[in-house]
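In: need the 3D shape of this:
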Amino acid sequence: MQASPLLRRREWLAAALCLPWAAQAASPALPLVEVWKDPSCGCCKDWVSIMEQAGFPVRVFETGNNAMRAQLGMPVKLGSCHTARVAGYAIEGHVPVREIQRLLRERPQAIGLTVPGMVVGSPGMDGPAYQGRKDPYAVLLVLPNGQTTVYQKYA
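Out: Got it, this is the predicted structure:
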């Protein structure tokens, strides 16, 4: 017994309607980004917003970041105003989303990434108050021994 054309059309339509959800379910979820920052820091809040806009779930701890920076093994000389942890890596300061995504794809043996200091023009340090100013900076890969290598340069 052959199915009627109407039944086949309904099955096709039902399958087509399910495809967007199936594709979404098949894509891996982004890992949680935990951020330690000072409660009064506005640039940190802006960086968190950028991470959320990129699809990362974020949990913020308004306790300062010195203790977590030390716990994650990030050298003090590479410090910034906030410290994050994502998939076991330390992210120090205003690291662009693109470099975090690359880190998660490549999975190098490393402590994590840093943009030391608070560089104008880096993500979260690029609001209207800076009037479009962009200082050059480098994202550094922090190796297990605390040494660094340039991961990406921004002009």
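
In: beta-bridge partners for residue 35, please?
Out: Note on residue 35: beta-bridge partners by DSSP bridges are residue 60, residue 84.

In: residues contacting it?
Out: Taking Cβ atoms under 8 Å, 6 or more residues apart in numbering, we find residue 35 in contact with 44, 47, 48, 51, 58, 59, 60, 61, 82, 83, 84. The C-beta positions use only the backbone N, C-alpha and C, and glycine is treated the same way.

In: tell me the one of the residues you listed nearest residue 125?
Out: Residue 125 lies nearest to residue 47 out of those, by Cβ to Cβ, at 8.2 Å.

In: give me phi/psi at the closest residue to residue 74 other than its chain neighbours?
Out: Nearest residue to residue 74, sequence neighbours excluded (Cβ to Cβ, 6 or more residues apart in numbering): residue 90, at 4.7 Å. Backbone torsions for residue 90, taken as degrees, to the nearest 10, come to phi -90, psi 140.

In: what number of residues lie near residue 90?
Out: The local packing of residue 90 (other Cβ atoms under 10 Å) involves 21 other residues.

In: residues touching it, list them.
Out: By Cβ under 8 Å, 6+ apart, the contact list for residue 90 reads 69, 72, 73, 74, 83, 84, 111, 112, 113, 114, 142.
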